[in-house]
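> predicted coordinates and the sequence they were generated for:
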Amino acid sequence: MNPTDLPPQPEAPPASAPANPAMAHLGPEALTHVAAWFQTLSEPTRLQILNLLRTQSRSVGELAKLCDCSAANVSRHLDRLTQNGFVSREARGTSVFYTIADESIYALCDLVCMNVARQLERQARRHEAFAPVQPDPSRG
């Protein structure tokens, strides 16, 4: 078959957009659940906890010390992270250790961090464009 005999193909989505975006056809109730999931990530201490769990399981006490927070505060954050499926808990003797339940969260977090960094770089370049020009001392 000759390539010119093929029917025209629909235009491909941009490289950054998935071919079948999962969110495109969600109703209001499902979007409310997605928003709650993202809201869990909107707290800096929770992001710090996720980062600390990136390499190993940790106890509440260890996370509290590393986050410079009380154990009660870390426990509340871990409860929220557990409820939304970000972390899982495992009893070991008298201690409870937390670990990442789904490592794909790091791909999302890394993507967001890269996008934030790019935005900050663009803002910095725009601000530099308005910086006062320093006089050239050689033109005295």
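In hand now; what should we look at? On a predicted model such as this, the values are computed, not experimentally measured, just so you know. Numbers count the residues shown, from 1 in each chain.
> can you point out the buried residues in the longest helix that the chain contains?
As assigned by DSSP state H, the longest helix anywhere in the chain is helix 104-129. By neighbour count with 16 or more other CB atoms under 10 Å, helix 104-129 contains the buried residues residue 105. Yep, even glycine has a C-beta here, placed from its N, CA and C like the rest.
> one more: stretch 88-106?
97, 98, 100, 101, 105.
> distance between the longest helix of the chain and the chain's centre?
Taking CA atoms, centre = their mean, to the nearest Å, one finds helix 104-129 lying 12 Å from the centre of the chain it belongs to.
> and that helix, what does it pack onto?
helix 44-52 (3 or more CB pairs under 8 Å, 6 or more residues apart in numbering; DSSP states H and E).
> got the contact list for the helix it packs on?
Residues outside helix 44-52 that contact it (CB atoms under 8 Å, 6 or more residues apart in numbering): 40-41, 58, 63, 66-67, 69, 73-74, 77-78, 80-81, 86-87, 98, 100, 105-106, 109.
> rounded mean pLDDT for the next helix or strand after that helix, please.
Sequence-wise, the next helix or strand downstream of helix 44-52 (DSSP states H and E) is strand 58-59. Strand 58-59 shows a mean pLDDT of 96.
> number the chain from 27, please
Sure, I'll start numbering at 27, so the last one becomes strand 84-85.
> so what does the residue nearest to residue 122 when sequence neighbours are not counted have for phi and psi?
In space, and not counting its chain neighbours, residue 122 is closest to residue 115: 5.3 Å by CB to CB, 6 or more residues apart in numbering. Main-chain torsions, residue 115, degrees, to the nearest 10: phi -120, psi 150.
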